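Asker: Turn this into a structure:
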Amino acid sequence: LGAEFVIFVLFLPPPWCSIFEREDPSPRSGSSLADLERRQAERKKEIMKAQAMPKMSASQARKAMIEKLEKEGGSPASPAMARVAIQRSSSFGVPNANTIKQMLLDWCRAKTRGYEHVDIQNFSSSWSDGMAFCALVHNFFPEAFDYTQLSPQDRRHNFEMAFSAAETQAECPQLLDVEDMVRMREPDWKCVYTYIQEFYRCLVEKGLVKTKKS
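Answerer: Predicted coordinates:
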């Protein structure tokens, strides 16, 4: 690809962040020392309570991530939205996100060239039957499964096969939900794009894809 994709997990700020960032209210001229001490004691309790709260669950984090992308993208996000966000890398030397997206799309095409039932033109409809996922994973791990036995009609099996093999062989987390992928005729491109970037990152870590820094 000639460039390195870097993906960072987006950690949502803990619920007490806003508490620390909030400034202390300045005491009014008529406020007594007792009032000030009372407010400080209440604020201390609030902070301690926030710190004792349980960590955000995976489903809550996923929901928050979907809402964030909806807000940024201006359109509803799919339930299959990945549970991570992408921090675009400056190592590409090009700030244009569309250029980065095209580079990854070209990489996918190159790695799946010659595979039957695969014609990657985008990050949405081209992945709807699961064959593209399977071809991409099979290209790097041909012993994981028999690609010739797969059928575009068996979408669920294809998604399960690809995501499972990627997780087992490349240690790539299953950021996409099989049920969601089956339910949608055309997956949200942001879901697929995020997953492929994560798969690419895992391949780089295993030394199966070379970058300029490798």
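Asker: Thought L104 was touching Q197, still the case?
Answerer: Yes: the pair Q197 and L104 qualifies as a contact (Cβ atoms under 8 Å) at a distance of 6.6 Å. Every residue, glycine included, has its C-beta placed from N, CA and C.
Asker: list the helices and strands the host helix or strand of E198 packs on?
Answerer: Assigned by DSSP states H and E, E198 falls within helix 189-205. Here helix 189-205 touches helix 97-112, helix 131-140, helix 155-170, going by 3 or more Cβ pairs under 8 Å, 6 or more residues apart in numbering; DSSP states H and E.
Asker: Okay, angle between that helix and helix 97-112 too, please.
Answerer: Comparing the axes of helix 189-205 and helix 97-112 via axes from the mean of the first three to the mean of the last three Cα atoms, to 10 degrees yields an angle of 60 degrees.
Asker: Restricting to C-alpha, output helix 189-205 in PDB.
Answerer: Presented in PDB, the C-alpha positions along helix 189-205 are these (Å, rounded to 0.1, in the frame of the first residue of the first chain):
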ATOM      1  CA  TRP A 189     -19.400   1.800   4.600                       C
ATOM      2  CA  LYS A 190     -18.100   3.200   7.900                       C
ATOM      3  CA  CYS A 191     -18.500  -0.200   9.500                       C
ATOM      4  CA  VAL A 192     -16.600  -2.000   6.800                       C
ATOM      5  CA  TYR A 193     -14.000   0.700   6.400                       C
ATOM      6  CA  THR A 194     -13.200   0.600  10.200                       C
ATOM      7  CA  TYR A 195     -13.000  -3.200  10.200                       C
ATOM      8  CA  ILE A 196     -10.700  -3.400   7.300                       C
ATOM      9  CA  GLN A 197      -8.400  -0.800   8.800                       C
ATOM     10  CA  GLU A 198      -8.300  -2.900  12.000                       C
ATOM     11  CA  PHE A 199      -7.500  -6.000  10.000                       C
ATOM     12  CA  TYR A 200      -4.800  -4.200   8.200                       C
ATOM     13  CA  ARG A 201      -3.300  -3.000  11.400                       C
ATOM     14  CA  CYS A 202      -3.300  -6.600  12.800                       C
ATOM     15  CA  LEU A 203      -1.500  -7.800   9.700                       C
ATOM     16  CA  VAL A 204       1.100  -5.100  10.100                       C
ATOM     17  CA  GLU A 205       1.700  -6.100  13.700                       C
END
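Asker: what's the angle between it and helix 155-170?
Answerer: For helix 189-205 and helix 155-170, the angle between their directions (the same axes, to 10 degrees) works out to 30 degrees.
Asker: relative orientation of helix 189-205 and helix 131-140 in degrees?
Answerer: Here the directions of helix 189-205 and helix 131-140 differ by 0 degrees (the same axes, to 10 degrees).
Asker: Great, nothing more from me.
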